[in-house]
Every structure is written in structure tokens, then in C-alpha cells.
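Enquirer: Quick one, what's the 3D model for this:
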Amino acid sequence: MAGARTKTRRRALQILFEADQRGGDPVTVLADWVGRSRNDADTPPVAEYTMQLVEGVQKHRTRIDDLISTYSVGWTMDRMPTVDRNVLRLGVYELLWEDGVPDAVAIDEAVELAKEFSTDDSPQFVNGLLARLKDLKPTLQR
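Expert: Take a look at the predicted model:
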């Protein structure tokens, strides 16, 4: 059974993925999800941490995408599967900006999302890139 934080990350990934697919703003998609949850009893509420993740990724998106582009060997952002790109965005955000989340947890959770939603090669790719950023974390500008 997935823990509460795992569920909030899964939800954040769904929102980021939807925004990416539509070419839209994740915060707008988040607002749509929140509105739906308030008006439809069958739609579960959007957790506070889900909102924090989506807003944080969007706030730091330029820097996050720059880091992913710089350190993902052999992959450009637009060639990456949409799921991987957004799993990495979440992972990088948690790794660098969520001080309350241990580095190992941020990486493990991102790898689990990749296992659940992406290709067989994705977990290893996500793990490798985030581990490299973890090692570089003291030298990276936030």
C-alpha cells in the first residue's frame, strides 16, 4: 500500500504530465484539479503537498530543466518520454528544494514512479541522473 507522500507525488506527476501533454501551465492544470475536487464528490481532494510539488516544480522549472538537460547524457528534453521528463522534474525539485525530504527518499520515490508509469529502462535512467545530481548537490546553484 502506497504511503500518503507517495500518493501525493503520483498525483503531482499526473498534473505535470497533463500540463506537459497539453503544452499548458501546470499551475492552471492544478487549479482545474482542485476545482474538480471541490465540485465533484467522487474526485478526491488535492493534497497540500501535491500543490507544493507542482508549484515548486513550476517556480524552478527553468533551472530544473537546465540541470536535466546538462546531466542527461544522450537525451535531450524533447526526446525523453513525457513521463520521464516529469518524473525527473519532480525528483530534481525534491532533491534540491525540499530540505525536509532526504535525498535517498527523493531518488527512490522518483525511481518508483518511473517503474510504475514508464518504460523498463526508465528507472535506471532516472536513478542515474538523480544520483549524479545528488553527488553534485553541494556545488549546484539552486
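
Enquirer: Give the buried residues for stretch 76-83.
Expert: In terms of neighbour count (16 or more other CB atoms under 10 Å), stretch 76-83 has its buried residues at Met80, Pro81, Val83. C-beta here means a position set from N, CA and C on the backbone, and glycine is covered the same way.

Enquirer: Now secondary structure and pLDDT too, for these, in TSV please.
Expert: Shown next, in TSV, are these (DSSP: H, G, I helix; E, B strand; the rest coil; pLDDT from 0 to 100):
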residue	secondary structure	pLDDT
Met80	coil	93
Pro81	coil	93
Val83	helix	97
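
Enquirer: CSV for these, including distance to Trp97?
Expert: CSV is the format used below for the buried residues of stretch 76-83 (distance: CB to CB, whole Å):
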residue, distance to Trp97
Met80, 21
Pro81, 24
Val83, 21
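
Enquirer: and which of those is nearest to Lys7?
Expert: Of all the buried residues of stretch 76-83, Val83 has the smallest distance to Lys7: 17.1 Å, by CB to CB.

Enquirer: what's near enough to touch that closest one?
Expert: Leu13, Phe17, Ala114, Phe117, Ser118, Ser122 (CB atoms under 8 Å, 6 or more residues apart in numbering).

Enquirer: Would you mind measuring from it to Leu90?
Expert: According to CB to CB, to the nearest Å, Val83 stands 11 Å off from Leu90.

Enquirer: which neighbours do these two share?
Expert: Leu13.

Enquirer: in the protein, which ranges drop under the pLDDT threshold?
Expert: By pLDDT under 70, the low-scoring segments of the chain are 1-2, 141-142.

Enquirer: Pretty sure Arg89 sits against Arg63.
Expert: No: Arg89 is beyond contact range of Arg63, at 10.6 Å (criterion: CB atoms under 8 Å).
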